[in-house]
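Undergrad: the sequence and its predicted three-dimensional model are supplied below.
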Amino acid sequence: MHQDVKKVLVSPEAIEQRCRELGKQISDDYRRDGEIPVLVALLKGSVPFLAKLITYIDIDIEFDFMDVKSYEGTESIGDVRILKDLDRSIKGASILLVEDIVDTGRTLHEVSKLLLNKGAGRVKIVSLLDKPSRRVIPIEADYTGFVIPNEFVIGFGLDFNEKYRNLPYVGVLKDECYL
């Protein structure tokens, strides 16, 4: 365990197993609906989750990336800025937004609204983590990996000032590292 981690919340094995389950559920749902989803991953935090998840989706998919900023340090700033937009048209597309964590809900609310305004047929959300105690905007993921308590988490894509993204687990950052 990294010296800056207080405790591990979600092990690599648990992440692997949950991605397998989510991949099957997503595959079954989109197969049933006869749709090819466009997975839109929100950079940078969702990249490890996307990479793991797509290995368990056994239907045709497409994916693209958006880069949005809503955090500075450990706090959501309440303003969502688009730093990189999609590289393609999504008119009529069935979008599956891939996110690392649903926290306040602001980012997913704004991005979902933007995608619908761009002509997406529908927008669903898959998130590795959900922190419902921090929700400010009432939004829920359609597919959730793990519900976690209100602690500042790092690893498996999640960062603190761009560090710790490469940890193979989700852990709680020690208080002294950011206070």
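TA: Looks like it arrived, so ask away. Numbering: from 1, shown residues only.
Undergrad: C-terminal to the helix or strand of the chain with the lowest mean pLDDT, what's the next element?
TA: Ranking every helix and strand in the chain by mean pLDDT, DSSP states H and E puts strand 75-84 at the bottom, with a mean of 71. Downstream of strand 75-84, the first helix or strand assigned by DSSP states H and E is strand 94-102.
Undergrad: name the nearest residue to residue 100, ignoring sequence neighbours.
TA: residue 45 (3.6 Å; C-beta to C-beta, 6 or more residues apart in numbering). Bear in mind the C-beta positions are built from the backbone N, C-alpha and C, glycine included.
Undergrad: ok, the one you found to residue 98 distance?
TA: 10 Å (C-beta to C-beta, to the nearest Å).
Undergrad: same question, residue 68
TA: 12 Å.
Undergrad: again, but for residue 7
TA: Residue 7 is 26 Å from residue 98, by C-beta to C-beta.
Undergrad: pick out whichever of these two has more residues nearby.
TA: Higher neighbour count among residue 7 and residue 98: residue 98, with 24 against 9, using other C-beta atoms under 10 Å.
Undergrad: distance of the more buried one from residue 124?
TA: From residue 98 to residue 124 the distance is 10 Å (C-beta to C-beta).
Undergrad: likewise residue 94?
TA: 8 Å.
Undergrad: try residue 140
TA: 11 Å.
Undergrad: and what of residue 37?
TA: 8 Å.
Undergrad: find residues that contact each of those two.
TA: Overlap of the contact sets of residue 37 and residue 124 (by C-beta atoms under 8 Å, 6 or more residues apart in numbering) consists of 94-96.
Undergrad: could you point out the longest helix of the protein?
TA: Looking across the chain with DSSP state H, the single longest helix is helix 12-33.
Undergrad: hmm, who's touching that one?
TA: 36-37, 49, 52-59, 94, 96, 126, 128, 143, 145-146, 156, 168-170.
Undergrad: angle of it against strand 94-102?
TA: Helix 12-33 and strand 94-102 are oriented at 160 degrees to each other (axes from the mean of the first three to the mean of the last three C-alpha atoms, to 10 degrees).
Undergrad: can you get me a residue count around residue 32?
TA: 8.
Undergrad: run through the bridge partners of the residue nearest the centre of the chain.
TA: Relative to the mean C-alpha position of the chain, the nearest C-alpha, by C-alpha atoms, centre = their mean, is the one of residue 99, at 1.3 Å. Beta-bridge partners of residue 99, counted by DSSP bridges, are residue 127.
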